[in-house]
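Engineer: fold the following.
(chains A, B, C and D)
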Protein chains: 2
Amino acid sequence: MTVRQDIHSPGIPVLCLPCEARHRGVCGALDPDHLVRLAKTSSRHKIEPGVELIGDAEAVDSYSNVLSGVVKLTKSLSDGRQQIVGLQFAPYFLGRPFKVESAINAEAATAVSLCTFPKATIDRMMRESPELEHRLLKQTLNELDEAREWMVTLGRKTSLEKVASFLLMIARNIDSSVDPATRSACFDLPLTRADISDFLGLTNETVSRQLTRLRVDGVIRIENNRHVTVDSISRLEQRCGGRGATAL
Amino acid sequence: MTVRQDIHSPGIPVLCLPCEARHRGVCGALDPDHLVRLAKTSSRHKIEPGVELIGDAEAVDSYSNVLSGVVKLTKSLSDGRQQIVGLQFAPYFLGRPFKVESAINAEAATAVSLCTFPKATIDRMMRESPELEHRLLKQTLNELDEAREWMVTLGRKTSLEKVASFLLMIARNIDSSVDPATRSACFDLPLTRADISDFLGLTNETVSRQLTRLRVDGVIRIENNRHVTVDSISRLEQRCGGRGATAL
DNA sequence: CGACGTATTGATTAGGCTCAAATCCTGTGG
DNA sequence: CCACAGGATTTGAGCCTAATCAATACGTCG
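Structural biologist: Numbering: from 1, shown residues only, chains lettered A, B, ... in the order given. Below you'll find the predicted structure:
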């Protein structure tokens, strides 16, 4: 994939110009010079749902930005029990700096497009540019917050609250139209029922039952198994199990 | 608390000389100059068990290193359900850079000694010293790995496996004598049964029952409710639910 | 020794799991 | 366009693990 500089936009590689991740995610931390160097070695990929991106305990020599779609991070026990430990939405960074990979599995949950670059390039730039490491620290702190939020959900919520919390989280991440004004949302679930159950520590039967319960109660509508409409976000929030004193 | 330089150890503040956290944790990233500046504004505290260090949604203007003891990080739902989302052992760093605190509560689980310094000092040093931010990133990535490990435990393990996993984690963190040779361990539980249940997403009754089960099965011995002996770590590991293909 | 908090043990209940069957969507080929 | 195949999802019946409610034992500290 050839990359040349665009004369009109000083120093920004053409590959990056239309990229919605350029200002967000890690790329936003890079100056034009670094961006050019990174773009030289980066390439875009389309990934089909279900394709494994990073195998458990596999050596990883590349990082990626998620440009669209959702990537699920999973961990499993030897008898097959599985837990999704994170969902990576655009424009987030995918990879684990400084370490032989931590027994995590990454798999495309939906169709995914990635911008991939060699580990070595980023590792070198990280040493040169504190701003890059700063962004990475920020993202990691966010992921830690999210992980801890889900620990509460996994450990202390009922199955109904778990499913409601999941829908709310997806709504906030996928549907850009979720604004305080309308208080409604509408989106396609990026996960199958089985994936949702692996995310919530439930079985797919239980997930299904609680979804129908929310549907019967008029909190959500479901079309074609995947498309969800939430007329009143507040009603959904009420089923999530009160968040302690503090707002999300 | 006065601090002066020690003539024999070039540039290291006396306060820091005997500190076991000086080379580990964030302090290890500081050059003598920074260490001196930090030590000038830092102070040591002893905290009683049960004392709240950081309130939910409270503004935090200081960071701390945990020098001894265990700090529990909790999140709660409004109806009182609580989940421990992390345990901070020495010599780790306590605090959340760049953010109004994320609805987390920190409380001394055991007697704790802290080395506390103003947020502003660290924030400034972080801008000056990339190495400091690097350490912080590493610690945060570790905490993220741990959080994800516990998500598997919370979501997919049975109560027996949860309790066994908890004991194993404590053994590895507390008892320095856990070596592959002897394969035995011996430690005081830093948490009450109620705390353990908040950590594992169980009730204290269930925790108690599974502890007795492990005791009856000869996997552990318990004296005075708190002191635990594990004769064979491997036997304990067997009850933790197989880790998928990869070792911890 | 007595009192209080912590932990254990017991009996019962209930939420979520398992196994099993029916239904719905998607996509394919005639 | 319709029929069919295959997987995903929903629904149902019964069971089991962990929660709940309740009482007893233990340990610590005055």
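
Engineer: does stretch A:210-220 reach DNA strand C?
Structural biologist: No - using C-beta under 7 Å from any atom of the strand, stretch A:210-220 never reaches DNA strand C; the gap is at least 7.5 Å. No exception for glycine: its C-beta is placed from N, CA and C like everyone else's.

Engineer: touching DNA strand D at all, that stretch?
Structural biologist: Yes - Stretch A:210-220 lies within reach of DNA strand D by C-beta under 7 Å from any atom of the strand, at A:211-212.

Engineer: again with stretch A:167-184
Structural biologist: No - Stretch A:167-184 lies apart from DNA strand D when judged by C-beta under 7 Å from any atom of the strand; the minimum separation is 12.3 Å.

Engineer: may I see the buried residues of that stretch?
Structural biologist: For stretch A:167-184, the neighbour count (16 or more other C-beta atoms under 10 Å in any protein chain shown) marks A:167-171, A:174-175, A:178, A:184 as buried.

Engineer: lowest-confidence one in the residues you listed?
Structural biologist: In terms of pLDDT, the lowest of these is A:V178, showing 67.

Engineer: just to revisit the earlier point, which ones among the buried residues of stretch A:167-184 map onto strands?
Structural biologist: Within these, no residue falls in strands by DSSP state E.

Engineer: farthest pair in those?
Structural biologist: A:M169 and A:S184 (16.3 Å; C-beta to C-beta).

Engineer: how does chain A divide into domains?
Structural biologist: Per automatic domain parsing, the domain ranges recorded for chain A read A:26-151, A:157-238.

Engineer: okay if I get the ones you listed as a markdown table plus distance to B:G50?
Structural biologist: Shown next, in a markdown table, are these (distance: least, C-beta to C-beta, whole Å):
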| stretch | distance to B:G50 |
| --- | --- |
| domain A:26-151 | 21 |
| domain A:157-238 | 26 |
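
Engineer: rewinding a little: which of the buried residues of stretch A:167-184 sits closest to B:A29?
Structural biologist: Once C-beta to C-beta is applied, the member of the buried residues of stretch A:167-184 that ends up nearest B:A29 is A:M169, at 34.7 Å.

Engineer: quick one: that closest one from A:F187, how far?
Structural biologist: 11 Å (C-beta to C-beta, to the nearest Å).

Engineer: who wins for proximity to B:L137 among the domains of chain A?
Structural biologist: domain A:26-151 (4.5 Å).

Engineer: in terms of secondary structure, what does the helix or strand of chain A with the lowest mean pLDDT contact?
Structural biologist: Within chain A, no helix or strand scores below strand A:93-94, which has a mean of 79 by mean pLDDT, DSSP states H and E. Where contact means 3 or more C-beta pairs under 8 Å, 6 or more residues apart in numbering or on different chains; DSSP states H and E, strand A:93-94 is packed against strand A:62-68.

Engineer: the strand it packs on - contacts with which helices or strands?
Structural biologist: Using 3+ C-beta pairs under 8 Å, 6+ apart: strand A:62-68 touches strand A:93-94, strand A:112-118, helix A:119-128.

Engineer: just checking, what's the longest helix in chain A?
Structural biologist: helix A:130-156 (DSSP state H).

Engineer: in that helix, which residues are buried?
Structural biologist: A:130-141, A:143-156.

Engineer: grab the nearest non-local neighbour of the residue in chain A positioned nearest to DNA strand C.
Structural biologist: Relative to DNA strand C, the nearest point of chain A is A:T206 (3.2 Å; C-beta to the nearest atom of the strand). Distance criterion C-beta to C-beta, 6 or more residues apart in numbering or on different chains; nearest residue to A:T206, sequence neighbours excluded, is A:S159 at 5.1 Å.

Engineer: relative to the whole chain's centre, how far out is stretch A:16-31?
Structural biologist: Relative to its chain's centre, stretch A:16-31 lies at 17 Å (C-alpha atoms, centre = their mean, to the nearest Å).

Engineer: how long is that stretch end to end?
Structural biologist: 12 Å (C-alpha to C-alpha, to the nearest Å).

Engineer: now A:G55: how far from chain B?
Structural biologist: Per C-beta to the nearest C-beta, to the nearest Å, A:G55 is found 10 Å from chain B.

Engineer: ignoring the adjacent residues along the chain, who's closest to that residue?
Structural biologist: Per C-beta to C-beta, 6+ apart, closest to A:G55 is A:N105, 6.4 Å.

Engineer: quick one: the one you found and A:V51 touch, right?
Structural biologist: No - assessed by C-beta atoms under 8 Å, A:N105 is found out of contact with A:V51, at 11.8 Å.

Engineer: between the two, tell me which one has more neighbours.
Structural biologist: Legend: neighbour count by other C-beta atoms under 10 Å in any protein chain shown for A:N105 and A:V51, higher for A:N105 (21 against 13).

Engineer: coming back round to it: would you tell me which of the helices and strands packed on strand A:62-68 gets closest to B:T41?
Structural biologist: It is, among these and with distance given as C-beta to C-beta, helix A:119-128, at 29.2 Å.

Engineer: angle of the closest one against helix B:130-156?
Structural biologist: Helix A:119-128 and helix B:130-156 are oriented at 130 degrees to each other (axes from the mean of the first three to the mean of the last three C-alpha atoms, to 10 degrees).
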